[in-house]
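Engineer: next come a sequence and a model predicted from it.
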Amino acid sequence: MADVYNKEKRSAVMRNIKGKGNKSTELALIKVFQESEIHGWRRGYPVKGHPDFVFLKKRIAVFVDGCFWHGHNCRNTRPKENKDFWSKKIGGNIEHDKAVTKIFEDRGWTVIRIWECELKKKNRALLLRKLGGLINQ
């Protein structure tokens, strides 16, 4: 599929996407927590690895990963321009995610990684199964 923007506009759009402070996915998950009456979570807990949510009593760390930035192939899209840069960038994010998951698991925590696409209403049942088995014990 062709890009809807020209090269300069696409660069400007991508520059404005920040690695931190993108809260739309976190707010969507909060809505799921509220609708499902899932309690006991904290957001922005200051710990190395920076999970999006923690359930301290159950030692569960929840990460909400953007599909593009963390290498999920749900839309099967990859940038055609600057392939080496994007491959390295996304690959680095994947490796970082693995390292952070290992840090938490070595501490005895359970890690749940939720893909951005799982927050869509059509995927809600799958998401609740993923969350329900660990959080609503």
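Structural biologist: Yep, it's here.

Engineer: any weak-confidence spans in the protein?
Structural biologist: Confidence mapping of the chain against pLDDT under 70 gives the ranges 1-2, 16-22, 133-137.

Engineer: give the full set of residues in contact with residue 29.
Structural biologist: Shown in contact with residue 29 (Cβ atoms under 8 Å, 6 or more residues apart in numbering): 52, 53, 62, 64, 114, 119. For glycine as for every other residue, the C-beta is placed from the backbone atoms N, C-alpha and C.

Engineer: one more: residue 122?
Structural biologist: Taking Cβ under 8 Å, 6+ apart as the test, residue 122 contacts no residue whatsoever.

Engineer: using the three-state scheme, assign it.
Structural biologist: Here residue 122 takes the helix state, with states given by DSSP: H, G, I helix; E, B strand; the rest coil.

Engineer: with residue 72 instead?
Structural biologist: coil.

Engineer: so it sits right up against residue 90, yeah?
Structural biologist: No: counting by Cβ atoms under 8 Å, residue 72 does not reach residue 90; the two are 9.8 Å apart.

Engineer: who touches both of these two?
Structural biologist: Joint contacts of residue 72 and residue 90 (Cβ under 8 Å, 6+ apart) do not exist.
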